[in-house]
Structure formats: C-alpha cells, structure tokens
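S.K.: Following is a predicted model, sequence given first.
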Amino acid sequence: MANARDFLDKAEYITKVFDDKYQLAERSIRNNYDASLLALDQLLSQDKYSESDIKAFEDNITEAANKLNGKRIIFHNPITRITKKQKEKIVKLVNKVEGSKDAGFLPGSDYTIVYTSPTFNLQMKENVSKYATFSTEK
C-alpha cells in the first residue's frame, strides 16, 4: 500500500511547506485538514486496512484540502506607502490565521507584526510579507 503512504507524504509536504492556501487558511480549516492527514496516517500504521478504507480517507483529505482558502492580501502600492486601513486588513488576517486576538504592528514599524500565539502562549514576530504582497503593478 505504498501509494497511500505516498499520497499522505505528498499532501503533507506540499500544503505545509509551500502553499499559502494552507499556511494562510483560517486556523480551524487547517486543523481539520491536519486531522484528516493524521487519521490516514493512523490507519496506515495498523496491520489491516482495505483499499476502500484508504479511498475514504483520501477522499476526506481531498475534501479538506479543497476547503483550504488562505491567500495573501495584495496591495497595489509599495510597502513604504502602507495605509492605516491596509494595516487593519493585515492585522485582521493575522488574527484569523494565527488564532490570536492581539495582533498588531510593532510600534514604529511598517514591516513587523507581533501577536500572541495561542499554541505556545508566546509573543511571535512575523514580517508583513508573510500575509501581504505590495506591488506597484496593477
């Protein structure tokens, strides 16, 4: 049943490492996706399972993956001209993605966002480019 393991490995690698759809999806949607991957992983660690079992788990993963909706906010101005309204949109996205309630820009900075991670209960810092793209092209 190497195909199922390959499917699981590929799904985990692609979505968690490279894909904004995963990285910037709402926390609850990511948790659902992670749970579906974990369920298949647990099934594959058992001695007995059928092709139909695997198919059902793969279908669940595909359905959960299709719900991943994260994306960066795109602004058509350089970051040096970031507005208060743009900062508010970014902060709202950070709170949604990270599951925090206190995100904000580091005082005096247009580039650094700080928030408390509910997972670690620590203050985290991220560059604004994780959540937004600034461009002068339309």
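M.R.: Sure thing, it's come through. Numbers count the residues shown, from 1 in each chain.

S.K.: tally of neighbours for residue 57?
M.R.: 22 (other Cβ atoms under 10 Å). Quick note: C-beta positions are derived from backbone N, CA and C, even for glycine.

S.K.: Check residue 60 too.
M.R.: Using other Cβ under 10 Å, residue 60 is surrounded by 17 other residues.

S.K.: just checking, residue 54 touches residue 41?
M.R.: No. Applying Cβ atoms under 8 Å, one finds residue 54 not in contact with residue 41, separated by 11.6 Å.

S.K.: Looking at those two, which one has more neighbours?
M.R.: Higher neighbour count among residue 54 and residue 41: residue 54, with 19 against 15, using other Cβ under 10 Å.

S.K.: Could you tell me the per-residue confidence at the more buried one?
M.R.: What the model reports as pLDDT for residue 54 is 83.

S.K.: Name the nearest residue to it, sequence neighbours excluded.
M.R.: Once flanking residues are discounted, residue 54 sits nearest to residue 4: 4.5 Å by Cβ to Cβ, 6 or more residues apart in numbering.
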